[in-house]
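Trainee: This is a predicted model, with the sequence first.
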Amino acid sequence: MHTSVTQAILDAIIDAFDAHSTMSKQALDSSQVREGLKDVLLGPGQLYEALRNKGALPVAHPR
């Protein structure tokens, strides 16, 4: 049983890595995706400010 749990964890990590790599490539390849991310971070929800105030982001402002 231990081996199957270990393999499941490894598989989940690999799947997450693949998904994040795909999303990162899409963001790098598309100014529209990058603008959308900026809108989410800086828009009405003020996600960037909330994360910065929580200490999850550096103090420098985004470009």
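Mentor: Perfect, thanks for sending it.

Trainee: quick check: mean pLDDT across the helix or strand where Ser21 lies?
Mentor: Assessed by DSSP states H and E, Ser21 sits inside helix 2-29. Over the span of helix 2-29, the pLDDT mean works out to 93.

Trainee: I'd like the next helix or strand past that helix.
Mentor: helix 31-42.

Trainee: quick one: buried residues of that next one?
Mentor: The neighbour-count check on helix 31-42 (16 or more other CB atoms under 10 Å) flags Leu41 as buried. C-beta: built from backbone N, CA, C; applies to glycine.

Trainee: Just the C-alpha atoms of it, please, in PDB.
Mentor: The C-alpha coordinates for helix 31-42 follow below in PDB (Å, rounded to 0.1, in the frame of the first residue of the first chain):
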ATOM      1  CA  SER A  31      -0.200  39.500 -24.100                       C
ATOM      2  CA  GLN A  32      -3.900  39.000 -23.700                       C
ATOM      3  CA  VAL A  33      -3.400  36.400 -21.000                       C
ATOM      4  CA  ARG A  34      -0.900  38.600 -19.300                       C
ATOM      5  CA  GLU A  35      -3.300  41.600 -19.400                       C
ATOM      6  CA  GLY A  36      -6.000  39.300 -17.900                       C
ATOM      7  CA  LEU A  37      -3.800  38.300 -15.100                       C
ATOM      8  CA  LYS A  38      -2.900  42.000 -14.400                       C
ATOM      9  CA  ASP A  39      -6.600  42.800 -14.400                       C
ATOM     10  CA  VAL A  40      -7.300  40.100 -11.800                       C
ATOM     11  CA  LEU A  41      -4.400  41.200  -9.600                       C
ATOM     12  CA  LEU A  42      -5.100  45.000  -9.800                       C
END
